[in-house]
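In: What would the 3D arrangement of this be:
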Amino acid sequence: MPTCLTTAWRQFYVLLSHGITTYRNTKLILSLLTKSNTIQHKTKRYLLKLLVLRVVVLIITVLGGIGISYPMNWYSTALNERNKDEFWNYLKLFVCCVCVYVPFVALDGYVGDLLAMRFRQTLTNMLFDVYMTKRAYYHIRFKSDIDNPGQRFGDDIKSFAYGVFDFLNVILKHTLNLLGFSYVLYTIDMSSIPYLIAFSLCGTIFALTVFSQRLTELSYVIMKDQADFVTNIIRIHDSAESIALYNAARHERNWLQMRLETLISDGLVNIRWLAALSAFSEVFRFLSIVFPYMLLAEKYFREEITMGQLSQSVYAFSALLRALNIIINNIPTLTSLSATSTRVGDAILAVHNIHYEHQCNMQQMKNGCHDDDVDDTLDTYTQEAASLLNRDNGTHNHMDAILKSKISTKETDSNVLKLENVSYFAPNSDFLLLHELNLHLQQSTTTSDRGLQSLLIVGYSGCGKSSLFRVISGLWNDGYGHISRPKLKHCLFLPQKPYLPNLPMEFNTLRNQLLFPKYVSSESTMMNDNITATLFHEDDPTANMNEEALSASLIDDQDILNVLEKINLTHLDTYGSDTQNKQALLYCTADWCNCLSVGEQQRLAIGRCLLSKPNMVFVDEATSALDEANECAMYEQLKALDAPIISIGHHKGLAKYHDLVLQFERNGKWKLLQAQQYLNEK
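Out: Numbers count the residues shown, from 1 in each chain. The predicted structure is shown next:
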């Protein structure tokens, strides 16, 4: 007996802990949702109205189900009293009540699914707003305790959104409706079995014929939409550095919302069919109640069976439904909801910790704030998350790490790149990559030069050359020193692995790929006209999301064709529908990421640079896949931009396109040489 009590207590304790965890995480997520500044007021009002409608329809449905039992009792009484006229009158009344009741059942299911779907859409949009700002999508990769953030913000949010309303629906329905309406047609008369089988078979065939094929097709489409959506999320995680260097979070956020809209649109069609199926199921279920009476009524009137046997055949398994234990039967739902809410809650905390660190760094660079000052400027979301979960969000434990040994970066309006005593480490590491680098690209004093000096960075593999670009761009800041550079929107970083955005196929033209990221076709830009759309701005709250996209039409097709010739990609006319019309090439669609070789992708990236004309270009071995002739041709085009070039490369011949050479050596040491001096070295 003590062992049994101990086991029971442990099971109860586990169940209680799941409930507490679910409550705390659900409270966190819902609180962030209600306090979010990016969610429009009309969206919150819309969700509130849907919730009220859901509760009202649920109450009507439950009361209707209870009320409909009275006609059942009346015609049962009439049947018991062998009052034939009253029996058929009450039976007709019952059928009329069912006709009124069934639409509410269908509406109940439809509104419930619509509420869960719109809640999921709003919650996902809100979380992507914080995920795609402050480069959180990049920095979360260094959070070892957050596995697969893409799934957390995709599948787990979906499971959480639907799980919350499923669980609430179960609790409310079983609280209001103590009697269920599931019945097993149990018959005493064996002769009625063939009729029951025929009745069941007819209903099955009807459901398979009318609903099965369409629902199967919709299920396939929704699975594909879900896969495309999740793939895009994963792609952001895998290409986080390239997106950050291209400063393309705004566009990726927009395309995520477009794919989500496609998923929701197909889902709305699906729930309409599910509502129709629900209506049919309710009709079939009530017919299943009436059918035994229709079969056995005449036998009862002939006194071949007793009223007790008739009632037993109709209501036999109703006791089973009343015996169901709500909590025990929903343990899987509760544990699943607990797991998904925990995963989503932890991911939210991780993202807001990243926002907090960013805010601390920005405040430190402005006025060297202390711990107390940072607490005063703490993001509202992070304060709410920490207080609701009563967890250590790392703010104070890591305060020294945040406020000490951070590289400060200053953005200027001039084309100046200056590094003063810059030393840096890899994230979450004590390994010194570079020690006290001092570098200032001077303005040229000769009229024949392009302006600022250009720089080539060389050194053995793994010495930290690409890491210097990450430090300059602001992705890494572990270390000390000061950096002055132009604003990121005036710079263009070309990574070794080119980044080709995964545009929807109808917008994935060669023209859009070449104009990315500075210009994007307005056709591929989604406007915030949806009821659940959020007010997303990447970093600047005054930014206009469509400001750059609208200017894409100002770029003449002939200018793009001229750039294609400069980067030796005119052979791509084979992808066009009309090889004689060069302009048609710009508007042909293809999966360019898989169609183009790495060398072609690198030349396409150079073409973007020629079209966007940045004030400063950072080239991280972005010509490594090219032959010597193409590499020289690309650098000649870059030289013609009248912008300083900061390159990383292993080919010694690249030095002739630069003024200075920064050579990385062992143990964080370095030396700065004139390009000609470097070329003269053996």
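In: Identify the bridge partners of the closest residue to Val416 other than its chain neighbours.
Out: Leaving aside its chain neighbours, Val416 sits nearest to Ser484 (5.6 Å; criterion: CB to CB, 6 or more residues apart in numbering). From N, CA and C alone the C-beta is placed, and that goes for glycine too. Note on Ser484: beta-bridge partners Lys410, Lys418, judged by DSSP bridges.
In: who's in contact with Ser484?
Out: For Ser484, the contacting residues are Thr409, Lys410, Thr412, Val416, Leu417, Lys418, by CB atoms under 8 Å, 6 or more residues apart in numbering.
In: Are any of those residues buried, and if so which?
Out: Among these, those scoring as buried are Thr409, Val416, Leu417, Lys418 (criterion: 16 or more other CB atoms under 10 Å).
In: Need the max-distance pair from those residues.
Out: Spanning the widest gap among the buried ones among the contacts of Ser484 are Thr409 and Val416, at 12.5 Å by CB to CB.
In: what residues are up against the closest residue in space to Trp670 that isn't next to it in sequence?
Out: Spatially, and ignoring its direct neighbours in sequence, Trp670 is nearest to Phe664 (5.5 Å; CB to CB, 6+ apart). Residues in contact with Phe664 (CB under 8 Å, 6+ apart) are Leu434, Ile457, Val458, Gly459, Tyr460, Cys463, Gly464, Lys465, Trp670.
In: ditto for Val619
Out: Residues near Val619 by CB under 8 Å, 6+ apart: Leu494, Leu638, Ile645, Ile646, Ser647, Ile648, Gly649.
In: now, which of these lie within helices?
Out: Using DSSP state H, Leu638 are the members of the contacts of Val619 that sit in helices.
In: Show me what the mean pLDDT comes to for stretch 342-361.
Out: For stretch 342-361, mean pLDDT is 79.
In: So Leu268 versus Met126, what's the distance?
Out: Relative to Met126, Leu268 is positioned 20 Å away (CB to CB, to the nearest Å).
In: Next secondary structure after the helix or strand that Ile29 is a member of?
Out: Using DSSP states H and E, Ile29 maps to helix 2-35. The C-terminal neighbour of helix 2-35 among helices and strands, as given by DSSP H and E, is helix 41-67.
In: same for the helix or strand that that following helix is followed by, what does it pack against?
Out: Note on helix 41-67: by DSSP H and E, the next helix or strand toward the C-terminus is helix 69-80. The contact analysis (3 or more CB pairs under 8 Å, 6 or more residues apart in numbering; DSSP states H and E) places helix 69-80 against helix 84-131, helix 249-301, helix 307-315.
In: Out of the contacts of Phe664, which sit inside helices?
Out: Of the contacts of Phe664, the ones assigned to helices by DSSP H are Lys465.
In: Could you pick out the buried ones from the contacts of Phe664?
Out: Leu434, Ile457, Val458, Gly459, Cys463, Gly464, Lys465, Trp670.
In: contacting residues for the spatially closest residue to the third one that is not a sequence neighbour?
Out: The shortest distance from Val458 to any non-neighbouring residue, by CB to CB, 6+ apart, is to Gln663 (5.4 Å). For Gln663, the contacting residues are Val458, Gly459, Trp670, Lys671, Leu672, Leu673, Tyr678, taking CB under 8 Å, 6+ apart as the criterion.
In: Just the closest of those to Glu357, please.
Out: Distance to Glu357 across these (CB to CB) is lowest for Trp670, with 28.2 Å.
In: Strands of the stretch 501-650 of the chain, residue ranges please.
Out: With DSSP state E, counting those that start in this stretch as the criterion, the stretch 501-650 of the chain has strands at 616-620, 645-648.
In: buried residues in the longest one?
Out: Neighbour-count burial for strand 616-620 flags Met616, Val617, Phe618, Val619, Asp620 (criterion: 16+ other CB under 10 Å).
In: Check stretch 414-431 too.
Out: For stretch 414-431, burial by neighbour count (16+ other CB under 10 Å) applies to Asn415, Val416, Leu417, Lys418, Leu419, Val422, Ser423, Tyr424, Phe425, Ala426.
In: Kindly reformat those as a markdown table and extend each row with distance to Tyr131 and pLDDT.
Out: Shown next, in a markdown table, are the buried residues of stretch 414-431 (distance: CB to CB, whole Å; pLDDT from 0 to 100):
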| residue | distance to Tyr131 | pLDDT |
| --- | --- | --- |
| Asn415 | 33 | 82 |
| Val416 | 33 | 86 |
| Leu417 | 31 | 91 |
| Lys418 | 33 | 92 |
| Leu419 | 31 | 93 |
| Val422 | 30 | 93 |
| Ser423 | 31 | 92 |
| Tyr424 | 26 | 90 |
| Phe425 | 26 | 88 |
| Ala426 | 23 | 83 |
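In: of all those residues, which comes closest to Arg511?
Out: Asn415 (28.7 Å).
In: Can you give me the pLDDT of the residue lying closest to that closest one once chain neighbours are set aside?
Out: Excluding the flanking residues, the one nearest Asn415 by CB to CB, 6+ apart is Asn615, at 5.0 Å. pLDDT recorded at Asn615 is 90.
In: And Asn615, how close does it get to Cys491?
Out: For Asn615, the distance to Cys491 - CB to CB - is 7 Å.
In: Now do the helix or strand where Val164 lies against helix 84-131: the angle between them, please.
Out: Following DSSP H and E, one finds Val164 within helix 157-176. Using axes from the mean of the first three to the mean of the last three CA atoms, to 10 degrees, the direction of helix 157-176 lies 150 degrees away from that of helix 84-131.
In: Which elements pack onto helix 157-176?
Out: Applying 3+ CB pairs under 8 Å, 6+ apart, one finds that helix 157-176 contacts helix 41-67, helix 84-131, helix 326-329, helix 331-367.
In: Next, the buried residues of it.
Out: 157-167, 169-170, 173-174.
In: just stretch 74-82 next, same as before
Out: Across stretch 74-82, burial judged by 16+ other CB under 10 Å covers Trp74, Tyr75, Ser76, Ala78, Leu79.
In: per-residue pLDDT, Leu123?
Out: Here the pLDDT value assigned to Leu123 is 85.
In: That one contacts Leu30, doesn't it?
Out: No - in this structure, Leu123 is not within contact of Leu30 by CB atoms under 8 Å, at 9.0 Å.
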